[in-house]
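K.L.:
need a structure here:
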Amino acid sequence: MTISLQALSDRQAITDLIYSYCRSMDRMDRELGYSVWHEDGVADYGSIYCGSGRQFVDWVCEIHQSMTSHSHQISNILLQLNGDRAGSESYVTVALRFNHEGKLKQETVRGRYLDRWSRRNGQWGIEQRIFVVDFEEIREVATSSIEGWGRRDPADMSYDVLSLSGKR
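P.N.:
Numbering: from 1, shown residues only. A predicted model of the protein is given here:
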């Protein structure tokens, strides 16, 4: 099987957008989140949310404000390309920590992003995402003596490293 350079480039561009989506959620970076979606893209998260993909980014950023921490992990990305259109399935694990009635809780959701992509004006973006929940759990967690130092905003030190500015 021979894969063209264009197909390799397209696959990498879409994969980078999938990773960027998770980063945008964890850093609550709205602009980065918007960049993954076409302006008319639709997000279908079942009973959680259904509507504009870009408005979903806003909604998540608001909801995550009340949480103590969160992390989105992606694996098993499968892609099918057809010219300026593509489909992907990405496995996702989302861990959300929050305080409830004086106790630290963690909700862990394992599911899949089923995305329809298109290239418009040379840029790939999501036209439609369906989020499939495979299973989830909520449990109480014990606090650790190690406090995380990552930030949930663009002040996180990763922005300096990834910009290659060398500020830190």
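
K.L.:
and the host helix or strand of Leu32, C-alpha only, in PDB?
P.N.:
Assigned by DSSP states H and E, Leu32 falls within helix 30-34. This file holds the C-alpha atoms of helix 30-34, laid out as PDB (Å, rounded to 0.1, in the frame of the first residue of the first chain):
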ATOM      1  CA  ARG A  30     -11.200  29.100  23.700                       C
ATOM      2  CA  GLU A  31      -9.300  30.300  20.600                       C
ATOM      3  CA  LEU A  32      -7.500  27.000  20.200                       C
ATOM      4  CA  GLY A  33     -10.700  25.100  20.700                       C
ATOM      5  CA  TYR A  34     -12.500  27.200  18.000                       C
END
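
K.L.:
So, low pLDDT: which residues of this structure?
P.N.:
The chain contains residues with pLDDT under 70 at 1, 148, 164-168.

K.L.:
Strands of that one, residue ranges please.
P.N.:
With DSSP state E as the criterion, the chain has strands at 37-44, 50-52, 69-82, 85-100, 103-120, 123-140.

K.L.:
okay, now Val60: neighbour count?
P.N.:
By other CB atoms under 10 Å, 21 other residues sit near Val60. Using the backbone N, CA and C atoms, a C-beta is placed for each residue, glycine as well.

K.L.:
isn't it right up against Met25?
P.N.:
Yes - with contact defined as CB atoms under 8 Å, Val60 reaches Met25; the gap is 5.8 Å.

K.L.:
anything in contact with each of those two?
P.N.:
Here Val60 and Met25 have Gly33 as joint contacts, going by CB atoms under 8 Å, 6 or more residues apart in numbering.
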